[in-house]
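K.L.:
The sequence and its predicted three-dimensional model are supplied below.
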Amino acid sequence: MGATPVGVLPEELLPLSWLVGRWVGVGTGQYPTIEDFRFGQEVSFVCDGRPFLRYWSRSWLLDDDGNRVRPLGTETGFWRPRPHNHLEVQLAHPTGYAEVWYGQIEVTGIEDAVITGARAELRTDVVARTESAKEYTDGHRLYGLVEERLLWTFDMAAMGQQMTNHLAATLSRVDDGDQNGD
């Protein structure tokens, strides 16, 4: 099934309509147990007509000139809006993690029936990991639509460290015609 245009999203998805599409940009990563780094990222939120968004993200390490060095993280899952602006998110990672997140959606701006400002704040309820996955116990994510850009940040507790920032990025929406297989 193909993607559903924003104008015909199921009513339950309207508070998340600001996420629908493909986003690309650059971010930074840091954590007490690793060296700081820059990464490129592509994220997509797609609706197939049912009341959830299919989510997919991939990232790659960037060198000092902004060139791709190697693949980094990949995650996929589903964003499910619930009544009263609540949100459930399920994510899976090829590095041995599966997560369940709960959170809230807040619309902060609407212009001509289009969401111009919003945020989704999520916290892990369950982090499951395989025997070979690195220790990771808790997470907090914040996504926001600010001046037509998707900003997000990820704090985590892992490797014996308390909750601290790990990733942050600023992404811009791209037209479907700009897709490529990089």
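P.N.:
Cool, got the structure.
K.L.:
where along the protein do the strands fall?
P.N.:
Taking DSSP state E as the criterion, the chain contains strands spanning 21-31, 34-46, 53-62, 68-82, 86-93, 97-111, 114-129, 136-146, 149-158, 164-174.
K.L.:
so the longest one versus strand 97-111, what angle?
P.N.:
Think strand 114-129. Strand 114-129 and strand 97-111 are oriented at 170 degrees to each other (axes from the mean of the first three to the mean of the last three Cα atoms, to 10 degrees).
K.L.:
So for strand 114-129, what gets flagged as buried?
P.N.:
When neighbours are counted by 16 or more other Cβ atoms under 10 Å, the buried residues of strand 114-129 are found to be 115, 117-122, 124, 127, 129. From N, CA and C alone the C-beta is placed, and that goes for glycine too.
K.L.:
What of the third one?
P.N.:
Within strand 53-62, the residues scored as buried using 16+ other Cβ under 10 Å are 53-55, 57-60, 62.
K.L.:
Next: the fifth one.
P.N.:
Residues of strand 86-93 classed as buried: 87-91, 93 (neighbour count, 16+ other Cβ under 10 Å).
K.L.:
Show me what it packs onto, helices and strands only.
P.N.:
Using 3 or more Cβ pairs under 8 Å, 6 or more residues apart in numbering; DSSP states H and E as the contact test, the elements touching strand 86-93 are strand 68-82, strand 97-111, strand 114-129.
K.L.:
repeat that for 6 Å
P.N.:
With contacts defined as 3 or more Cβ pairs under 6 Å, 6 or more residues apart in numbering; DSSP states H and E, the packing partners of strand 86-93 are strand 68-82, strand 97-111.
K.L.:
again with the second one
P.N.:
Here strand 34-46 touches strand 21-31, strand 53-62, going by 3+ Cβ pairs under 6 Å, 6+ apart.
K.L.:
so where's the chain uncertain?
P.N.:
Across the chain, the ranges flagged by pLDDT under 70 are 1-7, 176-182.
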